[in-house]
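J.: sequence unknown, structure follows:
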């Protein structure tokens with residue numbers, strides 16, 4: 001049985017900042033939202049780079065596993081592109097971060113570790129999915 005989602009997207013600057021660094025895309029087959037970096041310089045560039053990398057997936061017919069891999073591939077490429085930018089490198093270094101480009105396998109391992117970490121935190125805090 002076919003099914004459809006009906007959705008809209010909205011982002012708000014909130015009560016703390018004067019500008020919005022979030023980026024989003026709502027298309028026929030893809031909904032993507034990238035949060036800025038909480039007021040850090042370059043948050044708007046980072047979020048728009050990731051969303052722009054995902055938009056091309058909207059027209060592709062992918063299975064669940066293939067879609068997941070395609071999303072990770074696109075996000076990885078966008079992050080590497082952003083980290084390769086001299087402007088982004090400078091901003092991160094000014095904030096005390098070390099900028100290192102990584103392989104797709106390293107990125108997959110990072111995502112797995114973060115998923116496990118945040119799953120444990122959510123479980124310990126008894127966070128319930130709605």
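T.: Cool, the structure landed. For clarity, every value in this text was computed on a predicted model and none was experimentally measured.

J.: hey, let's count contacts and neighbours off CA atoms from now on
T.: Fine.

J.: which residues of the protein fall in strands?
T.: 23-26, 31-34 (DSSP state E).

J.: Could you single out the most deeply buried of these?
T.: Here the criterion is mean neighbour count by mean count of other C-alpha atoms under 10 Å, and of the strands of the chain the winner is strand 23-26, at a mean of 19.

J.: what sits up against it?
T.: 7-9, 31-36, 44, 47-48, 51, 55 (C-alpha atoms under 8 Å, 6 or more residues apart in numbering).

J.: Stretch 70-86 too?
T.: With C-alpha under 8 Å, 6+ apart as the test, stretch 70-86 has contacts from 46, 49-50, 53-54, 57, 88-89, 99-102, 104, 107-108.

J.: same question, stretch 98-110
T.: Residues outside stretch 98-110 that contact it (C-alpha under 8 Å, 6+ apart) are 72-73, 76, 80, 83-84, 89, 92-93.

J.: show me what contacts the most centrally placed residue in the chain?
T.: In the chain, the centroid-proximal residue (C-alpha atoms, centre = their mean) is residue 34; its distance is 4.8 Å. Shown in contact with residue 34 (C-alpha under 8 Å, 6+ apart): 22-24, 47-48, 50-51.

J.: Would you format the contacts of stretch 98-110 as JSON lines with neighbour count and pLDDT included?
T.: Output for the contacts of stretch 98-110, formatted as JSON lines (neighbours: other C-alpha atoms under 10 Å; pLDDT from 0 to 100):
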{"residue": "72", "neighbour count": "17", "pLDDT": "86"}
{"residue": "73", "neighbour count": "16", "pLDDT": "89"}
{"residue": "76", "neighbour count": "22", "pLDDT": "88"}
{"residue": "80", "neighbour count": "17", "pLDDT": "85"}
{"residue": "83", "neighbour count": "19", "pLDDT": "80"}
{"residue": "84", "neighbour count": "14", "pLDDT": "81"}
{"residue": "89", "neighbour count": "17", "pLDDT": "82"}
{"residue": "92", "neighbour count": "17", "pLDDT": "79"}
{"residue": "93", "neighbour count": "11", "pLDDT": "85"}
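
J.: Specify which member of the residues you listed is nearest to residue 118.
T.: When those are ranked by distance to residue 118 (C-alpha to C-alpha), residue 72 comes first, at 17.9 Å.
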